[in-house]
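Student: sequence and predicted structure, then a few things I'm wondering about:
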Amino acid sequence: MNLPGERNLMTATQLWPISTSIQDGRLQIADCDLAALAAQYGTPLYVLDADTIRTMAARYTAALHHTYAGIVHIHYASKALLNIGIAQLMHRLGLGLDVVSGGELAIAQRAGVPLAQVHLHGNGTPPAELAQAIELGVGRIIVDNLDQLATLAWLTARRVSRQAIMLRIAPDIADGAHAHIRTGAAAAKFGLPLDDGSAAEAVRQALAAPGLELVGLHAHIGSQLRSYEAIQETINRLLRFAAEQRAAHGWTLSELSPGGGLAVAYMPNEQAGDIDTYAVTVTNAVRAGCERYGLPQPRLVIEPGRSMIARAGVALYTVTGRKAVPGGLDYLHIDGGMGDNSRPAMYNAQYTAALVARPLDPPTTTVQIAGRYCESGDILIRDVALPGAAPGDLLAVPVAGAYTLSMSSTYNGVPRPPLLLLDSGHVHVLQRRETVDDLVLRDLPLNMGAASS
Ligand code: LLP
């Protein structure tokens, strides 16, 4: 398949959704013409390829069921992108959901996802949201710290059925593309450290809590992981700790989660993490650890977010203007930016782009893509080689499915873009464009007499 303006087509094909094609010289996804969609729905516009999501879910499912001898549960980490339609799609694909708040939990509930298949995470989850999760019957609560454990013990003390929990361990291993997405260090805000005795104390307290059932251990060391060794060593440390706790309390680990985090490729020269290698790494590490420490094979839970949905998404923008920069790279102004994708501003994340109407034209110039928001840091792409573009041209940015809309804001009073799911020529509107009415929905007029001002 020939794909937009990249020299290394083999690598570039990893960036665009699986059902991307070029018809009459224009970019199409799932047999839908992107220019026609932009004309109908306006820009900025986010589209998702259903085929790519299905393929990623099928790859994870096949790889893990093929390699892992025990029971495997795959939970989509919904913080990557969540709305009712996505929750329903993931459920239909046989995945559970990970949520981090009462809000995400409510979305899962309204989508009709059985809440036993939903796991709640979070380091600062307010007690009311923990209580809501228990009431609704979430499958697992992943306990982050000793205070949260105490809250849960108290909330469940008089309940008839016990709440299943896992403990989030900080294994003191960190990997990930940026300091803000490395989460596994002992000093990170997440999880119970092994070295200072917090993790062991949590096991003791969890086993003593009549309303809690400690089923297993969890760790998530970071996002955009590129080190399979780090995943392996994380699993080893969790199992070693499980063996110590079995010796101390006779408690047997029945469930293990090494979190999510597999990397995706954002740029043509990057390689995505390999799902088969990941599955073999996890399987071998669990098998080796269980043999080494004499533990039974646990149920396995994995929590991919980005690798499930990033590549399915493409963001479409309209070029609104240009600015020449003598001695530097010219700007192309677009009608979106950090409000819909804050990743470049937050993590120096890199993206590439193509012109929707001329994806295969050779680049003639290198430009910066300037977001529309009133921030110097709102540069969506620092440099990208494109054919000459003019106001009115449509720009497509691939790998836009994860941590874009889910982290979007209405900064500068810009309503958030719509989200379409494209499937074999069909368009499903998952979220309509936000309106100005939506923006002021929560606002109340000043209720203060003019005289008193
Ligand atoms: N499980 C837990 C407990 C997590 O905290 C996360 C992500 C995941 C699973 C899923 O990780 P993934 O497979 O998506 O890498 N906003 C950042 C990423 C934050 C990740 C937060 N936790 C970004 O845009 O790069």
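Tutor: Done, it's in.

Student: flag every buried residue along the longest helix anywhere in the chain.
Tutor: In the chain, with assignment by DSSP state H, the single longest helix is helix 228-249. Applying a neighbour-count criterion of 16 or more other C-beta atoms under 10 Å, one finds 228, 230-243, 245-246 buried in helix 228-249. Heads up, the C-betas are built off the backbone N, CA and C, glycines and all.

Student: flag every buried residue along the longest strand seen in the chain.
Tutor: Longest strand in the chain, counting residues (DSSP state E): strand 313-323. Neighbour counts over strand 313-323 (16+ other C-beta under 10 Å) mark 313-320, 322 as buried.

Student: return the member of those nearest to the ligand.
Tutor: Closest approach to the ligand among the buried residues of strand 313-323 (C-beta to the nearest ligand atom): residue 313, at 12.4 Å.

Student: secondary structure class for residue 216?
Tutor: strand (DSSP: H, G, I helix; E, B strand; the rest coil).

Student: OK, contacts around it?
Tutor: 166-167, 253-257, 298-299, 301 (C-beta atoms under 8 Å, 6 or more residues apart in numbering).

Student: one more: residue 282?
Tutor: Per C-beta under 8 Å, 6+ apart, neighbours of residue 282: 64, 67-68, 231, 235, 258, 300, 302.

Student: the longest helix of the chain - what's its average pLDDT?
Tutor: Regarding helix 228-249, the rounded mean pLDDT is 97.

Student: what does stretch 72-89 give?
Tutor: 98.

Student: quick one: is it near the ligand?
Tutor: Yes - using C-beta under 6 Å from any ligand atom, a contact is recorded between stretch 72-89 and the ligand, made by 77, 79-80.

Student: now go through those and say which are in helices.
Tutor: Those of the residues of stretch 72-89 next to the ligand lying in helices (DSSP H): none at all.

Student: tell me the one of the residues you listed nearest the ligand?
Tutor: For the residues of stretch 72-89 next to the ligand, the nearest to the ligand is residue 77 (3.4 Å; C-beta to the nearest ligand atom).

Student: and the residue nearest to the closest one when sequence neighbours are not counted, what does it touch?
Tutor: Nearest in space to residue 77, with sequence neighbours left out and distances taken as C-beta to C-beta, 6 or more residues apart in numbering, is residue 305 at 3.1 Å. Residue 305 makes contact with 76-80, 98, 223, 260, 402-403, according to C-beta under 8 Å, 6+ apart.

Student: show me how this protein divides into domains.
Tutor: With domains defined by automatic domain parsing, the chain comprises 9-49+313-400+404-436, 68-309.

Student: for the longest one, measure first residue to last.
Tutor: With C-alpha to C-alpha, to the nearest Å as the measure, the first residue of domain 68-309 is 23 Å from its last.

Student: got it, and stretch 369-383?
Tutor: Counting by C-alpha to C-alpha: the opening and closing residues of stretch 369-383 are 7 Å apart.

Student: ok, and what's touching it?
Tutor: Contacts for stretch 369-383 (C-beta under 8 Å, 6+ apart): 320, 323, 329, 331-339, 341, 344-345, 350-353, 366-368, 384, 395, 397, 411-412, 414.

Student: buried ones only from the residues you listed, please, as a ChimeraX command.
Tutor: For the buried members of these, the matching ChimeraX selection, counting by 16+ other C-beta under 10 Å, is:
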select :320,331,332,333,334,335,336,337,338,339,341,344,345,350,351,352,353,367,368,384,395,397,414
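
Student: residues from this structure in reach of the ligand?
Tutor: 77, 79-80, 98, 121, 181, 220, 223, 259-262, 303-307, 343, 347, 403.

Student: mind checking which of these land in strands?
Tutor: Reading strands off those with DSSP E, I get 77, 98.

Student: of the residues of the chain next to the ligand, select the buried ones using a ChimeraX command.
Tutor: Restricted to buried positions by 16+ other C-beta under 10 Å, the ChimeraX selection for the residues of the chain next to the ligand reads:
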select :77,79,80,98,121,181,220,223,259,260,261,262,303,304,305,306,307,343,347,403
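
Student: which of the residues of the chain next to the ligand fall in helices?
Tutor: Using DSSP H, these in helices are 306-307, 343, 347.

Student: redo the residues you listed as TSV? Include pLDDT and distance to residue 26.
Tutor: As requested, these are exported to TSV (pLDDT from 0 to 100; distance: C-beta to C-beta, whole Å):
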residue	pLDDT	distance to residue 26
306	98	28
307	98	28
343	98	27
347	96	32
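
Student: ok, the residues you listed vs the ligand, which is closest?
Tutor: residue 306 (3.5 Å).

Student: any idea how far apart the tips of stretch 336-348 sit?
Tutor: By C-alpha to C-alpha, one end of stretch 336-348 lies 17 Å from the other end.

Student: make that stretch 319-338, sorry
Tutor: End-to-end distance (C-alpha to C-alpha), stretch 319-338: 15 Å.

Student: check stretch 208-216 too.
Tutor: 15 Å.

Student: then stretch 338-347?
Tutor: 12 Å.

Student: and it, how far out from the chain's middle?
Tutor: 14 Å (C-alpha atoms, centre = their mean, to the nearest Å).

Student: so residue 434 sits against residue 409, correct?
Tutor: No - using C-beta atoms under 8 Å as the test, residue 434 is too far from residue 409 to be in contact (10.8 Å).

Student: anything in contact with each of those two?
Tutor: Common neighbours of residue 434 and residue 409 (C-beta under 8 Å, 6+ apart) are residue 416.

Student: more neighbours, these two?
Tutor: Shown here are residue 434 and residue 409; by other C-beta atoms under 10 Å, residue 434 has more neighbours (16 against 12).

Student: burial of the residue nearest to residue 64 when sequence neighbours are not counted, as a residue count?
Tutor: Leaving out its chain neighbours, the residue that sits closest to residue 64 by C-beta to C-beta, 6+ apart is residue 72, at 4.5 Å. Neighbours of residue 72 under the rule other C-beta under 10 Å: 19.

Student: ditto for residue 64
Tutor: Residue 64: 21 surrounding residues under other C-beta under 10 Å.
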